[in-house]
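1. Below is the sequence, then the predicted model.
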Protein chains: 4
Amino acid sequence: MVGGGQGAFIGAVHRMAARLDGHYEMVAGALSSTPEKALASGRDLGLDASRSYPTWEAMLDGELARPEGERIDAVSIVTPNHLHYPVARAFAQAGIHVICDKPLVHSSDQANDLLAVVKQSGVVFAVTYNYTGYPLIRHARDMIRAGTLGDLRKVVVEYHQGWLATRLEDTDSKQAGWRTDPARSGLAGAVGDIGSHAENLAATVTGLELESICADLSTFVPGRRLDDDASLLLRFTSGARGVLLCSQIEVGHENDLRLRVAGTQGSLSWCQEHPNQLDYLPLDGPRQVLTRGQGYLSPAAQAATRLPGGHPEAFIEAFANVYSGAAEAIRARQERREPDPLIAIYPTLADGARGVHFIEKTVESSQSERKWTDARWTAEG
Amino acid sequence: MVGGGQGAFIGAVHRMAARLDGHYEMVAGALSSTPEKALASGRDLGLDASRSYPTWEAMLDGELARPEGERIDAVSIVTPNHLHYPVARAFAQAGIHVICDKPLVHSSDQANDLLAVVKQSGVVFAVTYNYTGYPLIRHARDMIRAGTLGDLRKVVVEYHQGWLATRLEDTDSKQAGWRTDPARSGLAGAVGDIGSHAENLAATVTGLELESICADLSTFVPGRRLDDDASLLLRFTSGARGVLLCSQIEVGHENDLRLRVAGTQGSLSWCQEHPNQLDYLPLDGPRQVLTRGQGYLSPAAQAATRLPGGHPEAFIEAFANVYSGAAEAIRARQERREPDPLIAIYPTLADGARGVHFIEKTVESSQSERKWTDARWTAEG
Amino acid sequence: MVGGGQGAFIGAVHRMAARLDGHYEMVAGALSSTPEKALASGRDLGLDASRSYPTWEAMLDGELARPEGERIDAVSIVTPNHLHYPVARAFAQAGIHVICDKPLVHSSDQANDLLAVVKQSGVVFAVTYNYTGYPLIRHARDMIRAGTLGDLRKVVVEYHQGWLATRLEDTDSKQAGWRTDPARSGLAGAVGDIGSHAENLAATVTGLELESICADLSTFVPGRRLDDDASLLLRFTSGARGVLLCSQIEVGHENDLRLRVAGTQGSLSWCQEHPNQLDYLPLDGPRQVLTRGQGYLSPAAQAATRLPGGHPEAFIEAFANVYSGAAEAIRARQERREPDPLIAIYPTLADGARGVHFIEKTVESSQSERKWTDARWTAEG
Amino acid sequence: MVGGGQGAFIGAVHRMAARLDGHYEMVAGALSSTPEKALASGRDLGLDASRSYPTWEAMLDGELARPEGERIDAVSIVTPNHLHYPVARAFAQAGIHVICDKPLVHSSDQANDLLAVVKQSGVVFAVTYNYTGYPLIRHARDMIRAGTLGDLRKVVVEYHQGWLATRLEDTDSKQAGWRTDPARSGLAGAVGDIGSHAENLAATVTGLELESICADLSTFVPGRRLDDDASLLLRFTSGARGVLLCSQIEVGHENDLRLRVAGTQGSLSWCQEHPNQLDYLPLDGPRQVLTRGQGYLSPAAQAATRLPGGHPEAFIEAFANVYSGAAEAIRARQERREPDPLIAIYPTLADGARGVHFIEKTVESSQSERKWTDARWTAEG
């Protein structure tokens, strides 16, 4: 693991997610941005001293110096955003599989470079858009793929938070600090931190491709240097339309990510804070409340489930599904076999690159007087 | 009453709303668009034959021919939109108070003319934006006026329906027929029918004034002549921002009108399908679920309440609050006294005129390539 | 109307319910327990002075003295419980139809006497167990009658209130005063006031008959003379079992009446505070949320509905359904025809009598050391 | 681990719960009831062959034969109920800490014997009443301890399931098989399986002690040998009263465990299927929705939390809190220090023994014609 040491939030989540299903064991790390904190964090977490490295460069060298078979199989990158690119590039180039937090990198140039590097080295590269790991999100995707909703017309994805409604970056909040700092966070604030989750969730579930967007970014908290609120109109290449909202200044909203999809034959509605149910509204007949753990769900949704219905699973389990999906892909590559398509489900490097493109285009649109900004993406940029 | 006869939906609602609190008695009417149906509807509803008129013009003449004191005090106009203007204008000019359904008229020219006529005749003119009649909406308004939310930053108002997801206008649905017909409905479809409710609700609760809008209108159902879905970005003159969504093609959504307001000190969230509760999210401390009928609510909210908490009130009661508000205004005028400010609350002609302007600007924005269309409104247009 | 004058709560509800659908006009009344207040209340409510009576006896005499056809058709009795019996008896005997609040009377002897009187006079006698008027309660009843749930196994009906958690009867609360006074309220407190609603709701929906009960009544508020909390185990003659809870000391609960029914083929769940939805849980497949105003509901449920789905109806509308059901029964009798079975639905005198028996048996069981107390009821007692 | 091999459900849950926080590593096991399945399960789960034992007796011998410091610290017993007693007794006597599933054992005699054995050997003994591990349950307990609710009056705990509504035991469902078999499950069916969870949850949160109970147990599914539904009236020694419902035949209910507590100053309401919120209803003021991860929660609730608010935690995390609580107790004993009172929270052997007593008394009451059966419990029985 690179990053995720003392004071970090998401590193511990990654570790729990990795550990939950027993597919990963953390054996090496460069856990913080200074050598002292990195080594102290290694001690805290019980890393063997010989594999607790002061820097990620040292970690890469150290692991490569070990005999094959005794090196790490994969690296998990949980640093602030600005370090994703150099770390991911170096490990991927060295043939080590990569699990990287989102947003992937700061620019499409970096993303395209990573795509080229990974294409050549052939490693598995997962980006932890963790909300895609929820079983009912997989079921929603499968319902739409199966045509149950008919042709899609409208997609509304909302992500409401309130934790940045005040100048939290003036306190000692490490989280608020780097997320509101352009040097570490990148071009965008709320759009990068949570808007990109919303983009990815909508794209994953619906399979729709953006054609153009119209964005209005705001910075409500005085003195803040990045957006803390954004509203976007969306047009998809299929003719479907949509809206994406994200905000970190809506007081009292915790992590209120919602997705609504309407097609010609039915609608779906899902809410991350109550992730064990998916509302399905068919054209005829009453609303159905689909719940996790039931036999009527799609095979991929069932495969992503550990507990019977009514025994709720939540954030860590969804996150673990992304880790376990990547684990299956890595094992399949090691064992030179096809991965199990019901298990090896995880957001790919392409998802990550498209997310970066989305952030760039959103910022561009927000600064434009034209209503619509082209937002189409292809792997070549 | 003009309109609201056989086959109509909203006329019966107006009658129940008018009757509920005992302030109105229906004594005369021109209840449908053809003389035969008008008279038949009058018989169905027990109107005295001498005051069941074949046309609204006959009704106006007939009532004016009666001795003062034996005429109607007020007329309720519940026809399709295109008749609002001539009927309202004629009755108002004749000194009869007017309660008119929304959207008010087809154009700002008509609205401005009505404003002038009413200014001269001095009648009470209420527009039945009925959702403003909910007690907790009044409380929300009063919380914001009192500064409880601090400075407002973000307003999200959504109105999701699904009943026009198919070509219902090809069936014998009278409702779908006129609402999708530009000649009767006006410039806009969903935007006029429900978007204008959303605009009015947000404006009533927040007191914010629109500065500019960016609209994307869609017509998803093939062959339909008016929009059936719309998404708007909003900017307010105060610097607050917002989003307004309305759709009539989201399969399975019934009458899902929601309002969310975020300020520097707290947020509010309300949903029309569960109108007896208002979520208040303060900057510090847990979410509070405010419920109708409680002593902690504002005086205006309490005055709009008939039953104790837990004995739910709903759509008809809210509608009746608008009627009772207008009744108090009418009585006060008749009795040459100030109306009770806690009771005489109703959407005014100005609300109606601003709503028409909103519809016009929304259609204009949707056809524009510029991102922002000026949407400021003043009584002069 | 007898009762329901100044300071009363339920009288105004009855009047709105009676007025809503236009089937009733209030033309006479003896509105309060003292002649002064009765006459003052009549003035407040706009009764013609000649028909605003100082006492119910005067009202009965006065109305009977009027020519046939100019008398009241029906009397609505909304006094505290202890007056139900003499008033209802006298009016029924005089051939005037009766709509009486619940619980019906103080004893089964009184109830049986009323049954005999009404049998002889042939009047319509409705008891306002108003919760049975909700459209989705009618649908639930019809689903069970149609066998959709299979054989019923378990019935849980709960009624949680908190308004009597303190000694409200020591304040000037008229409501709390008579409800906690054995002379006016009868044998029981919470059991009579709300437990009898719960009993009636469960019986109406399920059609099950009680075989035996095991009750634990409590008086938590010091100095109170009647129960303010009760829990009962229920056994039905069919072999089904159940639980009935009612409490008026559960702080913060407003009017939280819930019904849950489980059969071999499915379950139902309904909550009065959100009355526009009924959860149906089939043996196979996901939970369905049935909503008012939809075409898949039973004819009786649809007939009890005024507004389309998503335009919520609530307490007053349900109450009005009971009034309109009685109106149809009265009209049918006046017109010597069969009443429309989809409309003429209302709790009958037998429901009221069974409710009184339930209260008596509950108090008897609570005082018994035996586990089970026979609670079977037949019209003869 | 003893039990939890192929075909088991709860074993995998225990393993995830143990693994989540990194306090446990599974190094040895006797994972199934036959040697062949036990060894196969060990292979599946990656146990070292030398520590994958054919029987629990072999495991105990094998581990004790290892040098101190290389033995297991604790054993997790996740077998069907009938094996809890011999296994727990043997390991506890050998000085190995025990984590045992519930209900603890088949009889109070066994429970008392275990209490004596554990008293002598001094091991930590945790019983996995896992629902007590939810952070908001700990907060509820702390609110009540702090007196926020005042004196407790009413406790309603409900546990609704539907999975045994049909004769699932006739299929190859291992879960249904042993749970409906008296030889393996014990005296009671639903009461033992889920009623004991309800008893423990209510006792843990409220601190109240049962004085007497009145139980009605039912077996609805023909041919089943144990109860599948139960309703109990409860009286507590403090004067508080309550109700406990549990059922496994309520079609469509998944794992619907609810707790409601009312005191003189406020009420609480919690539902396991939405475990991240706790409703608090104060005597004055609106309902508050307390959510996990917030600074206003009690220290113990915060200590039981891994993620910020809105990032839901659920069943596995709550289960892990019990494991981590026991881990802290074990470590403290190993390190001869006081355990951290905010962490070392777990249901004890006394909880388990009281649970067995509750089951016995419930069955006794159900068979009695007397209303009340004494249900007081002390450690001596």
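-> Perfect, I can see it now. Numbering: from 1, shown residues only, chains lettered A, B, ... in the order given.

2. list the contacts for the residue in the stretch 1-150 of chain A that chain B sits nearest to?
-> Ranking the residues of the stretch 1-150 of chain A by distance to chain B (Cβ to the nearest Cβ) places A:L149 first, at 8.1 Å. Any C-beta I mention is one placed from the backbone N, CA and C, and that applies to glycine too. Taking Cβ atoms under 8 Å, 6 or more residues apart in numbering or on different chains, we find A:L149 in contact with A:143, A:261-268.

3. Next one: it from D:L342, what distance?
-> According to Cβ to Cβ, to the nearest Å, A:L149 and D:L342 sit 48 Å apart.

4. ditto for A:V243
-> 44 Å.

5. repeat for A:A332
-> Taking Cβ to Cβ, one finds A:A332 at 43 Å from D:L342.

6. What is the one helix or strand A:L233 maps to packed up against?
-> According to DSSP states H and E, A:L233 maps onto strand A:229-236. Strand A:229-236 sits against strand A:152-160, strand A:210-218, strand A:241-247, helix A:349-366, strand B:210-218, strand B:229-236, strand B:241-247, with contacts defined as 3 or more Cβ pairs under 8 Å, 6 or more residues apart in numbering or on different chains; DSSP states H and E.

7. By average pLDDT, which secondary structure element in chain A comes out worst?
-> Ranked by mean pLDDT, DSSP states H and E, the weakest helix or strand in chain A is helix A:174-179, scoring a mean of 84.

8. Off-centre distance for that one?
-> The chain centroid and the centroid of helix A:174-179 are separated by 18 Å under Cα atoms, centre = their mean, to the nearest Å.

9. what's downstream of that helix, the next helix or strand?
-> Heading C-terminal from helix A:174-179, the first helix or strand you meet, by DSSP H and E, is helix A:182-185.

10. residues making contact with that following helix?
-> A:80-82, A:178-179, A:192-193, A:225-226.

11. Wondering if the helix or strand that it is followed by reaches chain B at all.
-> Moving toward the C-terminus from helix A:182-185, the next helix or strand (DSSP H and E) is helix A:190. No: using Cβ under 8 Å from any Cβ of the partner chain, helix A:190 never reaches chain B; the gap is at least 11.5 Å.

12. how close does A:D73 sit to A:H97?
-> As judged by Cβ to Cβ, A:D73 and A:H97 stand 6 Å apart.

13. Pull the contacting residues for the most centrally placed residue in chain A.
-> For chain A, the residue sitting closest to the mean C-alpha position, by Cα atoms, centre = their mean, is A:Y129 at 1.6 Å. A:Y129 is in contact with A:102, A:196-197, A:200-201, A:204, A:322, A:347, A:351, A:355, counting by Cβ under 8 Å, 6+ apart.

14. Give me the phi and psi for it.
-> phi -80, psi 80 (degrees, to the nearest 10).

15. so what pLDDT did it get?
-> What the model reports for A:Y129 is a pLDDT of 98.

16. contact partners of the least confident helix or strand of chain A?
-> The contact list for helix A:174-179 (Cβ under 8 Å, 6+ apart) reads A:7-9, A:80-81, A:163-164, A:168-169, A:184-185, A:189, A:193, A:226.

17. For those residues, give me JSON lines that also has secondary structure.
-> Shown next, in JSON lines, are those (DSSP: H, G, I helix; E, B strand; the rest coil):
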{"residue": "A:G7", "secondary structure": "coil"}
{"residue": "A:A8", "secondary structure": "coil"}
{"residue": "A:F9", "secondary structure": "coil"}
{"residue": "A:P80", "secondary structure": "coil"}
{"residue": "A:N81", "secondary structure": "helix"}
{"residue": "A:W163", "secondary structure": "coil"}
{"residue": "A:L164", "secondary structure": "coil"}
{"residue": "A:L168", "secondary structure": "helix"}
{"residue": "A:E169", "secondary structure": "helix"}
{"residue": "A:R184", "secondary structure": "helix"}
{"residue": "A:S185", "secondary structure": "helix"}
{"residue": "A:G189", "secondary structure": "coil"}
{"residue": "A:D193", "secondary structure": "helix"}
{"residue": "A:L226", "secondary structure": "coil"}
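
18. Make CSV out of those residues and add distance to D:V251, neighbour count and pLDDT.
-> Listed next are those as CSV, based on distance: Cβ to Cβ, whole Å; neighbours: other Cβ atoms under 10 Å in any protein chain shown; pLDDT from 0 to 100:
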residue, distance to D:V251, neighbour count, pLDDT
A:G7, 50, 15, 77
A:A8, 46, 21, 77
A:F9, 42, 15, 80
A:P80, 51, 21, 91
A:N81, 49, 23, 91
A:W163, 41, 21, 96
A:L164, 45, 26, 97
A:L168, 48, 18, 93
A:E169, 52, 21, 91
A:R184, 53, 16, 86
A:S185, 50, 22, 84
A:G189, 49, 27, 95
A:D193, 43, 25, 96
A:L226, 52, 23, 96
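
19. okay, now the domains of chain A?
-> A:10-130, A:136-312+A:350-366 (automatic domain parsing).

20. Most tightly packed of these?
-> Ranked by mean neighbour count, the domains of chain A are led by domain A:136-312+A:350-366 with a mean of 22 (mean count of other Cβ atoms under 10 Å in any protein chain shown).

21. Which secondary structure elements does the helix or strand containing A:M59 sit against?
-> For A:M59, the host element (DSSP H and E) is helix A:56-65. Counting contacts by 3+ Cβ pairs under 8 Å, 6+ apart, helix A:56-65 packs against helix A:84-93.

22. any idea which helix or strand comes after the helix it packs on?
-> Following helix A:84-93 in sequence order, the next helix or strand is strand A:97-100 (DSSP H and E).

23. Run through the neighbouring helices and strands of the very next helix or strand once past that next one.
-> With elements assigned by DSSP H and E, the helix or strand that comes after strand A:97-100 is helix A:108-121. The elements that helix A:108-121 packs onto, with contact taken as 3+ Cβ pairs under 8 Å, 6+ apart, are helix A:84-93, helix A:349-366.

24. Kindly export helix A:108-121 (C-alpha atoms) in PDB.
-> This file holds the C-alpha atoms of helix A:108-121, laid out as PDB (Å, rounded to 0.1, in the frame of the first residue of the first chain):
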ATOM      1  CA  SER A 108      -6.100  13.400 -19.600                       C
ATOM      2  CA  ASP A 109      -2.500  13.500 -20.800                       C
ATOM      3  CA  GLN A 110      -1.500  11.600 -17.700                       C
ATOM      4  CA  ALA A 111      -4.400   9.200 -18.100                       C
ATOM      5  CA  ASN A 112      -3.500   8.500 -21.700                       C
ATOM      6  CA  ASP A 113       0.000   7.900 -20.800                       C
ATOM      7  CA  LEU A 114      -1.100   5.400 -18.100                       C
ATOM      8  CA  LEU A 115      -3.300   3.700 -20.600                       C
ATOM      9  CA  ALA A 116      -0.300   3.200 -22.900                       C
ATOM     10  CA  VAL A 117       1.900   2.000 -20.100                       C
ATOM     11  CA  VAL A 118      -0.700  -0.500 -18.800                       C
ATOM     12  CA  LYS A 119      -1.400  -1.700 -22.300                       C
ATOM     13  CA  GLN A 120       2.300  -2.600 -22.700                       C
ATOM     14  CA  SER A 121       2.900  -4.100 -19.300                       C
END
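
25. do the helix or strand harbouring A:A198 and chain B meet?
-> Using DSSP H and E, A:A198 sits in helix A:196-206. No: Helix A:196-206 lies out of reach of chain B by Cβ under 8 Å from any Cβ, never closer than 13.6 Å.
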